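K.L.:
Sequence below, structure please.
(one chain, ligands or ions: 1)
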Amino acid sequence: MHDRFLRACRREPTDVTPVWFMRQAGRYMAEYRALRQKHTLLDICRTPELALEVTLQPLRLGMDAAILFADILLPLEPMGAPFEFAKGEGPVIHEPVRDRAAIERLRVFEPEEGLGHVLEAVRLIRRELDGKTPLIGFAGAPFTIASYLIEGGKSSDYRLTKQLMWSDPASWSLLMSKISEVVRLFLHAQVKAGAQAVQLFDSWVGSLSIQDYREHVAPHVQYILRDLETTGVPVIHFGTNTASLLEEQRAAGGTVIGVDWRTPLGKAWERIGHDRAVQGNLDPLLLCAPREVAEQRARAVLAEAAGRPGHIFNLGHGIIPETPVDNVKAIIDLVHSLPVAELRAAAAGSAP
Ligand SMILES: Cc1c2[nH]c(c1CCC(=O)O)Cc1[nH]c(c(CCC(=O)O)c1C)Cc1[nH]c(c(CCC(=O)O)c1C)Cc1[nH]c(c(C)c1CCC(=O)O)C2
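P.N.:
Here you go, the predicted model:
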(Lines give C-alpha, C1' and ligand atoms only; values in the text may rest on other atoms or scores of the structure.)
Protein backbone atom coordinates (compact mmCIF):
# COMPACT_ATOMS: atom_id res chain seq x y z
CA MET A 1 0.00 0.00 0.00
CA HIS A 2 1.19 3.39 -0.99
CA ASP A 3 0.74 5.00 2.40
CA ARG A 4 3.21 7.87 2.77
CA PHE A 5 0.34 10.37 2.80
CA LEU A 6 -1.39 8.65 5.74
CA ARG A 7 1.92 8.16 7.53
CA ALA A 8 2.70 11.87 7.25
CA CYS A 9 -0.75 12.77 8.61
CA ARG A 10 0.21 10.74 11.70
CA ARG A 11 3.69 12.35 11.76
CA GLU A 12 5.39 9.04 11.08
CA PRO A 13 8.63 9.04 9.05
CA THR A 14 8.36 8.67 5.27
CA ASP A 15 10.96 8.07 2.53
CA VAL A 16 10.08 11.23 0.60
CA THR A 17 7.49 13.95 1.25
CA PRO A 18 3.96 12.97 0.19
CA VAL A 19 2.28 15.32 -2.26
CA TRP A 20 -1.22 15.98 -3.58
CA PHE A 21 -2.87 19.16 -4.82
CA MET A 22 -6.16 20.79 -3.98
CA ARG A 23 -8.35 20.85 -7.12
CA GLN A 24 -6.07 18.23 -8.63
CA ALA A 25 -9.00 17.10 -10.79
CA GLY A 26 -10.29 19.93 -12.94
CA ARG A 27 -10.11 22.18 -15.92
CA TYR A 28 -6.31 22.27 -16.26
CA MET A 29 -6.56 18.66 -17.53
CA ALA A 30 -7.68 17.93 -21.11
CA GLU A 31 -9.43 14.70 -19.99
CA TYR A 32 -11.55 16.71 -17.55
CA ARG A 33 -12.44 19.37 -20.12
CA ALA A 34 -13.45 16.65 -22.58
CA LEU A 35 -15.81 15.09 -20.03
CA ARG A 36 -17.23 18.53 -19.18
CA GLN A 37 -18.20 18.97 -22.86
CA LYS A 38 -20.71 16.17 -22.30
CA HIS A 39 -21.74 16.64 -18.65
CA THR A 40 -22.33 19.53 -16.27
CA LEU A 41 -20.30 19.80 -13.09
CA LEU A 42 -23.33 18.80 -11.01
CA ASP A 43 -24.03 15.80 -13.28
CA ILE A 44 -20.50 14.59 -12.68
CA CYS A 45 -20.89 15.07 -8.93
CA ARG A 46 -24.23 13.23 -8.95
CA THR A 47 -23.16 10.24 -11.05
CA PRO A 48 -20.86 7.95 -9.04
CA GLU A 49 -19.23 6.41 -12.15
CA LEU A 50 -18.34 9.86 -13.51
CA ALA A 51 -17.12 11.09 -10.13
CA LEU A 52 -14.93 7.97 -10.00
CA GLU A 53 -13.54 8.64 -13.47
CA VAL A 54 -12.64 12.27 -12.68
CA THR A 55 -11.16 11.40 -9.28
CA LEU A 56 -8.77 8.98 -10.99
CA GLN A 57 -7.79 11.31 -13.86
CA PRO A 58 -4.97 13.21 -12.15
CA LEU A 59 -3.42 10.18 -10.46
CA ARG A 60 -1.33 9.36 -13.55
CA LEU A 61 0.72 12.41 -12.54
CA GLY A 62 1.85 10.54 -9.42
CA MET A 63 0.03 12.15 -6.47
CA ASP A 64 0.20 10.29 -3.15
CA ALA A 65 -3.51 10.75 -2.41
CA ALA A 66 -6.78 10.96 -4.32
CA ILE A 67 -9.49 13.45 -3.36
CA LEU A 68 -13.11 12.60 -3.93
CA PHE A 69 -14.53 14.59 -6.84
CA ALA A 70 -17.47 16.54 -5.45
CA ASP A 71 -18.11 20.11 -4.29
CA ILE A 72 -18.47 21.74 -0.90
CA LEU A 73 -21.87 23.13 -1.96
CA LEU A 74 -23.55 19.75 -2.60
CA PRO A 75 -25.24 19.67 0.86
CA LEU A 76 -27.13 22.89 0.08
CA GLU A 77 -29.78 21.22 -2.08
CA PRO A 78 -30.79 18.56 0.47
CA MET A 79 -30.77 21.29 3.14
CA GLY A 80 -33.43 23.03 1.07
CA ALA A 81 -31.32 25.65 -0.74
CA PRO A 82 -30.95 24.60 -4.39
CA PHE A 83 -28.22 26.22 -6.51
CA GLU A 84 -26.54 25.99 -9.87
CA PHE A 85 -23.12 26.68 -11.32
CA ALA A 86 -23.86 29.50 -13.75
CA LYS A 87 -21.50 29.83 -16.71
CA GLY A 88 -18.67 32.18 -15.89
CA GLU A 89 -20.21 33.28 -12.59
CA GLY A 90 -19.60 30.41 -10.24
CA PRO A 91 -22.30 29.18 -7.87
CA VAL A 92 -25.71 30.89 -7.69
CA ILE A 93 -28.02 30.02 -4.77
CA HIS A 94 -31.58 30.54 -5.96
CA GLU A 95 -33.02 31.75 -2.67
CA PRO A 96 -30.29 33.06 -0.38
CA VAL A 97 -30.83 32.51 3.35
CA ARG A 98 -30.96 35.89 5.06
CA ASP A 99 -33.41 35.80 7.95
CA ARG A 100 -34.56 33.71 10.87
CA ALA A 101 -37.47 32.12 9.03
CA ALA A 102 -35.24 30.96 6.16
CA ILE A 103 -32.71 29.56 8.63
CA GLU A 104 -35.46 27.69 10.47
CA ARG A 105 -36.62 26.12 7.21
CA LEU A 106 -33.18 24.59 6.50
CA ARG A 107 -33.11 20.84 6.99
CA VAL A 108 -30.53 18.66 8.72
CA PHE A 109 -30.74 15.57 6.50
CA GLU A 110 -29.52 11.97 6.60
CA PRO A 111 -26.42 11.78 4.36
CA GLU A 112 -27.43 8.42 2.85
CA GLU A 113 -30.74 9.98 1.80
CA GLY A 114 -29.68 13.45 0.70
CA LEU A 115 -26.21 12.69 -0.65
CA GLY A 116 -26.31 8.94 -1.26
CA HIS A 117 -24.75 9.39 -4.71
CA VAL A 118 -21.62 10.99 -3.19
CA LEU A 119 -21.30 8.18 -0.66
CA GLU A 120 -21.72 5.66 -3.48
CA ALA A 121 -18.88 7.45 -5.32
CA VAL A 122 -16.71 7.12 -2.20
CA ARG A 123 -17.41 3.37 -2.11
CA LEU A 124 -16.63 2.97 -5.84
CA ILE A 125 -13.40 4.99 -5.62
CA ARG A 126 -12.21 3.19 -2.53
CA ARG A 127 -12.82 -0.18 -4.16
CA GLU A 128 -10.88 0.94 -7.25
CA LEU A 129 -7.94 2.43 -5.33
CA ASP A 130 -7.71 0.04 -2.42
CA GLY A 131 -4.13 -0.97 -1.75
CA LYS A 132 -2.84 1.70 -4.14
CA THR A 133 -3.67 5.29 -3.24
CA PRO A 134 -5.46 6.59 -0.14
CA LEU A 135 -8.72 8.49 -0.61
CA ILE A 136 -9.47 11.87 0.97
CA GLY A 137 -13.11 12.85 1.52
CA PHE A 138 -14.10 16.43 2.28
CA ALA A 139 -16.72 18.99 3.19
CA GLY A 140 -16.94 22.75 3.48
CA ALA A 141 -16.64 24.29 6.93
CA PRO A 142 -19.65 26.09 8.42
CA PHE A 143 -18.43 29.67 7.88
CA THR A 144 -17.51 29.07 4.24
CA ILE A 145 -20.81 27.30 3.50
CA ALA A 146 -22.79 29.96 5.41
CA SER A 147 -21.15 32.67 3.30
CA TYR A 148 -22.49 31.07 0.08
CA LEU A 149 -25.94 30.51 1.59
CA ILE A 150 -26.22 34.11 2.77
CA GLU A 151 -24.50 35.97 -0.07
CA GLY A 152 -26.13 33.78 -2.72
CA GLY A 153 -22.78 33.19 -4.42
CA LYS A 154 -19.21 34.30 -4.16
CA SER A 155 -18.47 37.57 -2.40
CA SER A 156 -15.53 39.90 -2.11
CA ASP A 157 -16.27 41.29 1.36
CA TYR A 158 -18.85 38.95 3.02
CA ARG A 159 -20.92 41.99 3.96
CA LEU A 160 -24.28 40.21 4.35
CA THR A 161 -22.64 37.32 6.17
CA LYS A 162 -20.94 39.57 8.71
CA GLN A 163 -24.06 41.71 9.09
CA LEU A 164 -26.14 38.68 10.02
CA MET A 165 -23.42 37.45 12.40
CA TRP A 166 -23.28 40.79 14.24
CA SER A 167 -26.92 41.88 14.09
CA ASP A 168 -28.58 38.59 15.01
CA PRO A 169 -26.07 36.35 16.78
CA ALA A 170 -28.79 33.91 17.89
CA SER A 171 -29.93 33.24 14.31
CA TRP A 172 -26.30 33.09 13.17
CA SER A 173 -25.63 30.48 15.82
CA LEU A 174 -28.67 28.46 14.73
CA LEU A 175 -27.51 28.59 11.11
CA MET A 176 -23.95 27.57 12.02
CA SER A 177 -25.26 24.75 14.23
CA LYS A 178 -27.43 23.36 11.45
CA ILE A 179 -24.61 23.47 8.91
CA SER A 180 -22.21 21.94 11.43
CA GLU A 181 -24.52 19.03 12.07
CA VAL A 182 -24.93 18.43 8.33
CA VAL A 183 -21.15 18.55 7.84
CA ARG A 184 -20.43 16.32 10.84
CA LEU A 185 -22.88 13.65 9.69
CA PHE A 186 -21.69 13.88 6.08
CA LEU A 187 -18.01 13.48 6.98
CA HIS A 188 -18.83 10.57 9.28
CA ALA A 189 -20.75 8.93 6.44
CA GLN A 190 -17.80 9.47 4.05
CA VAL A 191 -15.47 7.77 6.53
CA LYS A 192 -17.93 4.91 6.90
CA ALA A 193 -18.10 4.61 3.09
CA GLY A 194 -14.31 4.33 2.90
CA ALA A 195 -12.64 7.77 3.01
CA GLN A 196 -9.24 7.30 4.71
CA ALA A 197 -8.80 10.98 5.62
CA VAL A 198 -11.09 13.99 5.40
CA GLN A 199 -10.43 17.66 4.75
CA LEU A 200 -12.55 20.49 6.10
CA PHE A 201 -12.36 23.44 3.67
CA ASP A 202 -12.76 26.76 5.48
CA SER A 203 -11.62 28.64 2.41
CA TRP A 204 -12.99 32.08 3.29
CA VAL A 205 -12.57 32.17 7.08
CA GLY A 206 -9.47 34.36 6.72
CA SER A 207 -11.80 37.32 6.22
CA LEU A 208 -12.57 37.31 9.96
CA SER A 209 -10.80 38.97 12.88
CA ILE A 210 -9.46 36.75 15.63
CA GLN A 211 -12.26 37.90 17.92
CA ASP A 212 -15.03 37.06 15.47
CA TYR A 213 -13.44 33.71 14.64
CA ARG A 214 -13.29 32.84 18.33
CA GLU A 215 -16.81 33.98 19.16
CA HIS A 216 -18.79 33.09 16.07
CA VAL A 217 -16.97 30.27 14.27
CA ALA A 218 -14.48 28.29 16.38
CA PRO A 219 -17.07 26.54 18.62
CA HIS A 220 -18.82 25.14 15.54
CA VAL A 221 -15.62 23.99 13.85
CA GLN A 222 -14.53 22.44 17.13
CA TYR A 223 -17.83 20.57 17.41
CA ILE A 224 -17.21 18.93 14.04
CA LEU A 225 -13.50 18.22 14.48
CA ARG A 226 -13.67 16.86 18.04
CA ASP A 227 -16.32 14.43 16.94
CA LEU A 228 -14.41 13.30 13.85
CA GLU A 229 -11.35 12.57 15.95
CA THR A 230 -13.31 9.62 17.36
CA THR A 231 -13.26 7.94 13.91
CA GLY A 232 -9.47 7.62 14.01
CA VAL A 233 -8.99 8.94 10.45
CA PRO A 234 -6.79 12.03 9.99
CA VAL A 235 -8.63 15.31 9.60
CA ILE A 236 -7.08 18.16 7.60
CA HIS A 237 -8.24 21.60 8.73
CA PHE A 238 -7.69 24.07 5.90
CA GLY A 239 -8.26 27.77 5.31
CA THR A 240 -6.74 30.57 3.25
CA ASN A 241 -5.60 34.00 4.33
CA THR A 242 -5.30 32.55 7.81
CA ALA A 243 -1.91 33.95 8.84
CA SER A 244 -3.56 35.58 11.85
CA LEU A 245 -5.72 32.57 12.73
CA LEU A 246 -3.30 29.62 12.81
CA GLU A 247 -3.27 29.30 16.62
CA GLU A 248 -7.07 29.56 16.69
CA GLN A 249 -7.44 26.92 14.00
CA ARG A 250 -5.07 24.63 15.82
CA ALA A 251 -7.12 25.07 18.99
CA ALA A 252 -10.33 24.29 17.08
CA GLY A 253 -8.80 20.97 15.99
CA GLY A 254 -7.44 18.88 13.16
CA THR A 255 -4.72 16.26 12.80
CA VAL A 256 -3.20 18.31 9.99
CA ILE A 257 -3.39 22.08 9.59
CA GLY A 258 -3.43 23.51 6.05
CA VAL A 259 -1.24 26.57 5.54
CA ASP A 260 -1.48 28.99 2.63
CA TRP A 261 1.56 30.51 0.90
CA ARG A 262 1.49 33.88 2.65
CA THR A 263 3.24 32.51 5.76
CA PRO A 264 6.59 30.69 5.52
CA LEU A 265 5.89 27.06 6.38
CA GLY A 266 8.58 26.82 9.08
CA LYS A 267 7.18 29.79 11.00
CA ALA A 268 3.61 28.57 10.56
CA TRP A 269 4.56 25.13 11.87
CA GLU A 270 6.22 26.62 14.96
CA ARG A 271 3.04 28.56 15.72
CA ILE A 272 0.80 25.57 15.08
CA GLY A 273 3.11 23.37 17.14
CA HIS A 274 5.20 20.42 16.03
CA ASP A 275 2.70 18.04 17.62
CA ARG A 276 0.48 18.57 14.55
CA ALA A 277 1.15 17.75 10.92
CA VAL A 278 1.02 20.56 8.33
CA GLN A 279 -0.03 20.70 4.70
CA GLY A 280 1.14 23.23 2.13
CA ASN A 281 2.15 25.68 0.96
CA LEU A 282 3.28 26.57 -2.56
CA ASP A 283 1.51 29.53 -4.17
CA PRO A 284 -0.72 27.85 -6.81
CA LEU A 285 0.26 30.55 -9.30
CA LEU A 286 3.85 29.25 -9.19
CA LEU A 287 2.61 26.31 -11.27
CA CYS A 288 2.18 28.92 -14.01
CA ALA A 289 5.67 30.41 -13.47
CA PRO A 290 8.84 29.47 -15.38
CA ARG A 291 9.75 25.90 -14.44
CA GLU A 292 12.98 26.81 -12.67
CA VAL A 293 11.25 29.43 -10.50
CA ALA A 294 8.52 26.95 -9.52
CA GLU A 295 11.11 24.29 -8.70
CA GLN A 296 13.23 26.67 -6.67
CA ARG A 297 10.17 27.72 -4.61
CA ALA A 298 9.07 24.11 -4.13
CA ARG A 299 12.55 23.35 -2.78
CA ALA A 300 12.17 26.35 -0.47
CA VAL A 301 8.90 24.94 0.92
CA LEU A 302 10.62 21.60 1.58
CA ALA A 303 13.55 23.39 3.23
CA GLU A 304 11.07 25.19 5.52
CA ALA A 305 9.67 21.81 6.57
CA ALA A 306 13.26 20.70 7.25
CA GLY A 307 12.55 17.00 6.77
CA ARG A 308 10.44 16.90 9.92
CA PRO A 309 7.91 14.03 9.90
CA GLY A 310 4.40 15.36 9.33
CA HIS A 311 4.73 17.55 6.24
CA ILE A 312 2.36 16.97 3.33
CA PHE A 313 3.38 18.98 0.28
CA ASN A 314 0.47 20.82 -1.35
CA LEU A 315 -0.44 24.19 -2.75
CA GLY A 316 -1.72 26.95 -0.50
CA HIS A 317 -5.04 26.82 -2.42
CA GLY A 318 -6.47 25.06 -5.50
CA ILE A 319 -4.79 24.58 -8.90
CA ILE A 320 -6.01 27.20 -11.35
CA PRO A 321 -7.41 26.14 -14.75
CA GLU A 322 -4.58 27.82 -16.72
CA THR A 323 -1.93 25.58 -15.13
CA PRO A 324 0.20 23.55 -17.60
CA VAL A 325 -0.13 19.85 -16.74
CA ASP A 326 3.62 19.35 -17.26
CA ASN A 327 4.40 21.76 -14.45
CA VAL A 328 2.20 19.79 -12.05
CA LYS A 329 4.05 16.60 -12.99
CA ALA A 330 7.45 18.32 -12.68
CA ILE A 331 6.75 19.52 -9.13
CA ILE A 332 5.46 16.11 -8.03
CA ASP A 333 8.58 14.49 -9.49
CA LEU A 334 10.81 17.05 -7.79
CA VAL A 335 9.20 16.47 -4.38
CA HIS A 336 9.56 12.71 -4.85
CA SER A 337 13.24 13.04 -5.85
CA LEU A 338 14.30 14.50 -2.50
CA PRO A 339 14.67 11.97 0.32
CA VAL A 340 13.44 13.27 3.66
CA ALA A 341 16.74 12.18 5.26
CA GLU A 342 18.58 14.59 2.94
CA LEU A 343 16.18 17.43 3.69
CA ARG A 344 16.72 16.83 7.39
CA ALA A 345 20.52 16.72 7.01
CA ALA A 346 20.50 19.91 4.94
CA ALA A 347 18.42 21.69 7.58
CA ALA A 348 20.71 20.50 10.39
CA GLY A 349 23.76 21.62 8.41
CA SER A 350 22.39 25.10 7.86
CA ALA A 351 21.26 25.59 11.47
CA PRO A 352 23.04 28.52 13.18
C1 LIG B 1 -15.13 27.40 -2.21
C2 LIG B 1 -15.18 26.00 -2.77
C3 LIG B 1 -16.10 25.52 -3.73
N4 LIG B 1 -15.80 24.19 -3.96
C5 LIG B 1 -14.72 23.81 -3.20
C6 LIG B 1 -14.35 24.92 -2.41
C7 LIG B 1 -13.30 24.92 -1.36
C8 LIG B 1 -11.94 24.93 -1.91
C9 LIG B 1 -11.54 26.22 -2.53
O10 LIG B 1 -11.50 27.21 -1.80
O11 LIG B 1 -11.22 26.20 -3.72
C12 LIG B 1 -14.09 22.50 -3.08
C13 LIG B 1 -13.99 21.65 -4.28
N14 LIG B 1 -14.60 21.78 -5.49
C15 LIG B 1 -14.24 20.77 -6.31
C16 LIG B 1 -13.41 19.88 -5.59
C17 LIG B 1 -12.94 18.56 -6.16
C18 LIG B 1 -11.83 17.85 -5.64
C19 LIG B 1 -10.45 18.36 -5.98
O20 LIG B 1 -9.91 17.95 -7.04
O21 LIG B 1 -9.87 19.12 -5.18
C22 LIG B 1 -13.21 20.45 -4.31
C23 LIG B 1 -12.37 19.95 -3.14
C24 LIG B 1 -14.69 20.58 -7.71
C25 LIG B 1 -15.01 21.79 -8.49
N26 LIG B 1 -15.92 22.75 -8.17
C27 LIG B 1 -15.98 23.71 -9.14
C28 LIG B 1 -15.06 23.34 -10.15
C29 LIG B 1 -14.85 24.14 -11.42
C30 LIG B 1 -14.77 23.34 -12.65
C31 LIG B 1 -15.97 23.22 -13.52
O32 LIG B 1 -16.83 24.11 -13.64
O33 LIG B 1 -16.01 22.17 -14.17
C34 LIG B 1 -14.45 22.15 -9.75
C35 LIG B 1 -13.41 21.32 -10.47
C36 LIG B 1 -16.87 24.89 -9.18
C37 LIG B 1 -16.92 25.73 -7.96
N38 LIG B 1 -17.13 25.29 -6.70
C39 LIG B 1 -17.06 26.36 -5.82
C40 LIG B 1 -16.85 27.53 -6.58
C41 LIG B 1 -16.69 28.91 -6.02
C42 LIG B 1 -16.80 27.13 -7.93
C43 LIG B 1 -16.71 28.00 -9.15
C44 LIG B 1 -15.40 28.64 -9.30
C45 LIG B 1 -14.61 28.00 -10.38
O46 LIG B 1 -15.13 27.93 -11.49
O47 LIG B 1 -13.45 27.61 -10.11
C48 LIG B 1 -17.21 26.26 -4.36
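K.L.:
can you count the residues close to the residue in the chain that the ligand sits nearest to?
P.N.:
Nearest to the ligand, among the residues of the chain, is residue 203, at 3.1 Å (CB to the nearest ligand atom). C-beta: built from backbone N, CA, C; applies to glycine. Neighbour count of residue 203, defined by other CB atoms under 10 Å: 23.
K.L.:
Contacts only, for it.
P.N.:
Counting by CB atoms under 8 Å, 6 or more residues apart in numbering, residue 203 makes contact with 72, 140, 144, 238-240, 317.
K.L.:
in the protein, which ranges drop under the pLDDT threshold?
P.N.:
Within the chain, the segments meeting pLDDT under 70 span 1, 351-352.
K.L.:
The residue nearest in space to the middle of it: what secondary structure?
P.N.:
For the chain, the residue nearest the mean C-alpha position is residue 201 (4.2 Å; CA atoms, centre = their mean). Three-state call for residue 201 (DSSP: H, G, I helix; E, B strand; the rest coil): strand.
K.L.:
What segments of the stretch 151-300 of the chain are helices?
P.N.:
159-167, 169-193, 210-212, 218-229, 246-252, 265-272, 291-305 (DSSP state H, counting those that start in this stretch).
K.L.:
Nearest to residue 65, out of those helices?
P.N.:
Checking the helices of the stretch 151-300 of the chain against residue 65 by CB to CB gives helix 169-193 as the closest, at 14.3 Å.
K.L.:
close to the ligand, is the closest one?
P.N.:
No - Helix 169-193 lies apart from the ligand when judged by CB under 6 Å from any ligand atom; the minimum separation is 12.3 Å.
K.L.:
Buried ones in that helix, by neighbour count?
P.N.:
Across helix 169-193, burial judged by 16 or more other CB atoms under 10 Å covers 171-173, 175-191, 193.
K.L.:
same check, this time on stretch 5-13
P.N.:
Buried, per 16+ other CB under 10 Å, within stretch 5-13: 5-9, 11.
K.L.:
Just the endpoints, please. Distance across it?
P.N.:
One end of stretch 5-13 to the other measures 10 Å (CA to CA, to the nearest Å).
K.L.:
Check what contacts it and list those residues.
P.N.:
14, 17-18, 20, 64-65, 134, 196-197, 234, 236, 255-256, 275-277, 309-312, 340.
K.L.:
Tell me the residues of the stretch 151-300 of the chain that contact the ligand?
P.N.:
Near the ligand, when you scan the stretch 151-300 of the chain using CB under 6 Å from any ligand atom, you find 154, 201, 203.
K.L.:
Residue 52: which of these is nearest?
P.N.:
residue 201 (21.0 Å).
K.L.:
who's in contact with the residue nearest to residue 177 when sequence neighbours are not counted?
P.N.:
Distances taken as CB to CB, 6 or more residues apart in numbering place residue 220 nearest to residue 177, at 6.8 Å, with adjacent residues excluded. For residue 220, the contact set (CB under 8 Å, 6+ apart) comprises 142-143, 176-177, 179-180.
K.L.:
could I get the residues you listed as CSV with distance to residue 248?
P.N.:
Shown next, in CSV, are the contacts of residue 220 (distance: CB to CB, whole Å):
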residue, distance to residue 248
142, 15
143, 12
176, 16
177, 19
179, 19
180, 17
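K.L.:
returning to that earlier point: switch the buried residues of stretch 5-13 over to TSV; also include secondary structure.
P.N.:
Shown next, in TSV, are these (three-state DSSP):
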residue	secondary structure
5	helix
6	helix
7	helix
8	helix
9	helix
11	coil
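K.L.:
Pretty sure residue 129 sits against residue 135.
P.N.:
Yes - counting by CB atoms under 8 Å, residue 129 touches residue 135, with 5.8 Å between them.
K.L.:
so what's in contact with those two at the same time?
P.N.:
Common neighbours of residue 129 and residue 135 (CB under 8 Å, 6+ apart) are residue 66.
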